[in-house]
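In: mind folding the following:
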Amino acid sequence: MNITYQPKAKEIKKEWHLITARGQVLGRMATEIARLLIGKHKKTYVPHLDSGDYVVVTEAKEVLLTGKKAEQKTYTRYSGYPSGLHKTKFSELKQTHPERIIEHAVSGMLPDNRLKGIRMARLKVFASKEHPYTNKFEARSTKSETN
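Out: This next block holds a predicted model:
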């Protein structure tokens, strides 16, 4: 009899990934981020456990869109009240809150289940190069150098 290995929640190790959005196409980058957040890149992936990693995205204001999407793309939200429909152009959102562009794209690529909020909480997006998680990557690089 062959038994499938099921990892325990305590056995899952969370890693940190740094992605620079400068010059990258939004959709292709968002699929890679979603894959890391879900944990499909790990051998111990199971759909019912949260086995994904932390992802830090820097330079969100430098993200690219292909074709004419930069002029044509709009983001729509509705408050639920009469005349509560709000539309925002991509170029306007890129100027005011560029991190929301990446968060919106990644959120649309994650499955709508009980783990979506937990996975989105592990996504950290910053408009510039500076971020408060530099110590996570320094610790990983020094640890790998000692091995």
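In: helices or strands next to the helix or strand harbouring Gly117 in the packing?
Out: Assigned by DSSP states H and E, Gly117 belongs to helix 116-121. Using 3 or more CB pairs under 8 Å, 6 or more residues apart in numbering; DSSP states H and E, the elements in contact with helix 116-121 are helix 26-38, helix 98-109. For glycine as for every other residue, the C-beta is placed from the backbone atoms N, C-alpha and C.
In: pLDDT of the last one, averaged?
Out: Taken as a whole, helix 98-109 has an average pLDDT of 97.
In: going forward, begin numbering at 809 instead of 1
Out: Right, with 809 as the first residue, what we last looked at is helix 906-917.
In: which helices and strands does it pack with?
Out: helix 834-846, helix 898-904, helix 924-929, strand 931-933.
In: and the angle from it to helix 834-846?
Out: Orientation check (axes from the mean of the first three to the mean of the last three CA atoms, to 10 degrees): helix 906-917 against helix 834-846 gives 70 degrees.
In: contact partners of helix 906-917?
Out: Here helix 906-917 makes contact (CB atoms under 8 Å, 6 or more residues apart in numbering) with 829, 834-835, 837-839, 841-842, 845, 865, 868-869, 871, 883, 898, 901-902, 924, 928, 931, 933-935.
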